[in-house]
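Q: return a 3D structure for these sequence lines:
(one chain, ligands or ions: 1)
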Amino acid sequence: MEKPDILAFETFDEWDMQPMQEMFNVHQFPGAENLQALAPEVRESIRAFAFKGHSTLGADIMNAFPKLELIANYGVGYDTIDVAHASSKGIKVTNTPDVLTDDVADLTVGMLLALNRDIPGASNWVTSGNWANKGAYPLQRTLSGVRVGIAGLGRIGLAIAQRLAPFNTELHYYSRAQKDTPGWSYHNDVVQLAKAVDVLIVAVSGGPDTAKIISKQVIDAVGSDGLIVNCSRGSTVDEDALLEALENKAIRGFASDVFNNEPRIDERFLTLDNVLLQPHQSSATIETRKAMGKLQRDNLTGFFNNGALVTPVN
Ligand code: 8YV
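A: Take a look at the predicted model:
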């Protein structure tokens with residue numbers, strides 16, 4: 001059987017590219033502005049996208065590939081993919097859930113611990129010689145007994161909550177429907193959740209439904225003693241309102257793995273001393289990235305073998 005032609009977006013690690021090339025004729029996406037760099041016969045041969053990254057994948061790109069049948073996303077979030085348009089054209093979309101849940105939850109808890117105790121600042125205190133010259137580092141805050149609110153109790157939000165429960169925290173959450181989680185307080189509104197907690201963790205999926213769900217009102221409700229930690233998407237936060245709150249110390253701190261306009265994030269973040277910033281790397285371990293690549297390929301091969309998708313989105 002002839003190998004199907006597919007288009008790879010962004011660069012893939014060798015451990016992904018090699019098996020992909022064994023099964024498919026892999027062509028490289030030249031960028032949305034540069035589609036004419038693909039010969040028309042190549043463009044017309046492409047049957048699937050091995051999508052990776054966070055660029056916009058809209059109707060214009062999909063429509064340029066008349067034989068496109070499948071978009072296999074490397075990642076659980078697919079907010080930049082126009083799934084409605086894909087569905088309208090009979091194009092299937094898949095993602096890579098579950099395999100990254102633990103790593104994302106681990107990094108989120110790590111960000112909270114690091115922000116709350118200012119672990120990076122304290123490390124700098126030692127390496128700069130301040131410990132020897134100036135003495136003890138300023139006192140930080142405890143996590144024990146703190147009220148933690150999780151906005152979005154899907155797979156990742158739940159894994160974060162399960163990790164934080166043994167830290168002797170009081171758990172609150174917001175989600176569209178109440179879950180069977182005895183002892184955790186449900187709020188059907190994010191502002192109400194923010195009012196009830198000391199730490200707000202953002203774990204909703206990205207996309208239009210959650211755009212700026214962390215609004216100025218939510219940020220104000222978190223208050224000057226509160227922290228916000230974001231592991232979802234930059235789009236979920238009103239960044240202007242957040243930056244203003246951080247500059248005015250209207251909240252105590254912000255930790256995040258995700259931003260608008262990554263990697264060229266708003267430069268105001270870079271000058272703040274009450275933030276902990278990560279380069280969108282919560283799933284970035286060798287083990288998880290290999291598992292994500294395998295799941296993406298399993299969707300591609302399943303589709304071309306017998307139409308079976310492991311983790312369909314639409
Ligand atoms: C990215 C992510 O997919 O899974 C997601 O939704 O945001 C990440 O795991 C990863 O950075 C590759 O682009």
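Q: all strands for the stretch 51-200 of the chain, in order.
A: 70-74, 92-94, 147-151, 170-174, 185-187, 199-202 (DSSP state E, counting those that start in this stretch).
Q: now the third one: buried residues?
A: The one in question is strand 147-151. 148-151 (16 or more other Cβ atoms under 10 Å). Any C-beta I mention is one placed from the backbone N, CA and C, and that applies to glycine too.
Q: before we move on, the earlier item: of the strands of the stretch 51-200 of the chain, which is nearest Gly129?
A: strand 199-202 (32.2 Å; Cβ to Cβ).
Q: after that closest one, which helix or strand is next?
A: Once the chain leaves strand 199-202, the next helix or strand it forms, by DSSP states H and E, is helix 216-222.
Q: can you give the contact residues for stretch 73-90?
A: Identification of contacts with stretch 73-90 by Cβ atoms under 8 Å, 6 or more residues apart in numbering yields 12, 50-52, 54-59, 62-63, 68-69, 71, 92-97, 100, 155-156, 205-207, 232-233, 235, 283, 292-293, 296, 313-314.
Q: distance between the ends of that stretch?
A: 16 Å (Cα to Cα, to the nearest Å).
Q: what's the answer for stretch 235-253, then?
A: End to end - Cα to Cα - stretch 235-253 spans 19 Å.
Q: the residue in the stretch 51-200 of the chain that the ligand sits nearest to and Leu270: what is the separation?
A: Nearest to the ligand, among the residues of the stretch 51-200 of the chain, is Gly75, at 2.4 Å (Cβ to the nearest ligand atom). Using Cβ to Cβ, to the nearest Å, Gly75 is found at 26 Å from Leu270.
Q: more neighbours, the two?
A: Set Gly75 next to Leu270 and count neighbours by other Cβ atoms under 10 Å: Gly75 wins out with 19 against 9.
Q: mind checking pLDDT for that one?
A: Note on Gly75: pLDDT of 98.
Q: how close does it sit to Phe29?
A: Where Phe29 is concerned, Gly75 sits at a distance of 16 Å (Cβ to Cβ).
Q: and the protein, which residues reach the ligand?
A: When proximity is defined as Cβ under 6 Å from any ligand atom, the chain approaches the ligand at 52-53, 74-77, 100, 280, 283.
Q: pipe those residues into JSON lines and attach distance to Ser128 per row.
A: Shown next, in JSON lines, are the residues of the chain next to the ligand (distance: Cβ to Cβ, whole Å):
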{"residue": "Lys52", "distance to Ser128": "39"}
{"residue": "Gly53", "distance to Ser128": "37"}
{"residue": "Tyr74", "distance to Ser128": "40"}
{"residue": "Gly75", "distance to Ser128": "38"}
{"residue": "Val76", "distance to Ser128": "39"}
{"residue": "Gly77", "distance to Ser128": "38"}
{"residue": "Leu100", "distance to Ser128": "35"}
{"residue": "His280", "distance to Ser128": "28"}
{"residue": "Ser283", "distance to Ser128": "32"}
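Q: thanks a lot, see you next time.
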